[in-house]
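Colleague: All I have is the shape, not the residue letters:
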Ligand SMILES: [Zn+2]
């Protein structure tokens with residue numbers, strides 16, 4: 001598996017149709033999305049490649065409750081003190097991303113573009129590393 005270090009402590013795991021991310025800091029490991037059903041072995045292998053013990057997995061954050069994002073959640077957690085977080089709960093606590101809505105994806109994109117963010121990671125496709133807000137603003141306001 002090709003792991004991409006997005007920033008120190010954050011690795012992207014391309015899982016075919018979607019991506020998962022492993023964030024690790026002194027508080028443990030956070031897995032963001034779990035991919036389709038059957039992705040657990042690849043995620044466990046990625047953790048091993050990164051030197052992250054399985055018991056350090058503390059949180060699983062699912063950005064969507066779709067099969068391609070949450071399909072392996074049951075295979076991976078919870079173990080020990082791991083818990084699952086809904087995206088709303090996570091965004092309220094950490095303000096890492098605006099709440100997404102399937103009814104207004106354009107509004108969500110505009111809210112992201114309004115932030116001064118350097119890195120943007122997505123469930124599908126490549127992350128934007130460096131001045132991400134500029135790339136997002138070019139999409140939401142191409143004439144601006
Ligand atoms: Zn998806």
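Modeller: The structure has been received and is ready for your questions. Just so it is clear, the structure is predicted and the values come from calculations on it, not from any experiment. Numbers count the residues shown, from 1 in each chain.

Colleague: quick one: the helices in this protein?
Modeller: All helices of the chain, identified by DSSP state H, fall at 40-49, 67-70, 73-76, 87-94, 105-114, 132-140.

Colleague: Would you mind finding the most buried of the ones you listed?
Modeller: Compared across those, helix 67-70 shows the largest average neighbour count, a mean of 19 (mean count of other Cβ atoms under 10 Å). Every C-beta, even on glycine, is put in place using the N, C-alpha and C of the backbone.

Colleague: With distance to residue 15 and mean pLDDT added, can I get the helices of the chain in JSON lines?
Modeller: Shown next, in JSON lines, are the helices of the chain (distance: least, Cβ to Cβ, whole Å; pLDDT from 0 to 100):
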{"stretch": "helix 40-49", "distance to residue 15": "6", "mean pLDDT": "96"}
{"stretch": "helix 67-70", "distance to residue 15": "8", "mean pLDDT": "94"}
{"stretch": "helix 73-76", "distance to residue 15": "12", "mean pLDDT": "91"}
{"stretch": "helix 87-94", "distance to residue 15": "18", "mean pLDDT": "36"}
{"stretch": "helix 105-114", "distance to residue 15": "22", "mean pLDDT": "87"}
{"stretch": "helix 132-140", "distance to residue 15": "22", "mean pLDDT": "93"}
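
Colleague: Same list, those helices, but as TSV with distance to residue 22 please.
Modeller: Below are the helices of the chain laid out as TSV (distance: least, Cβ to Cβ, whole Å):
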stretch	distance to residue 22
helix 40-49	6
helix 67-70	15
helix 73-76	11
helix 87-94	15
helix 105-114	22
helix 132-140	20
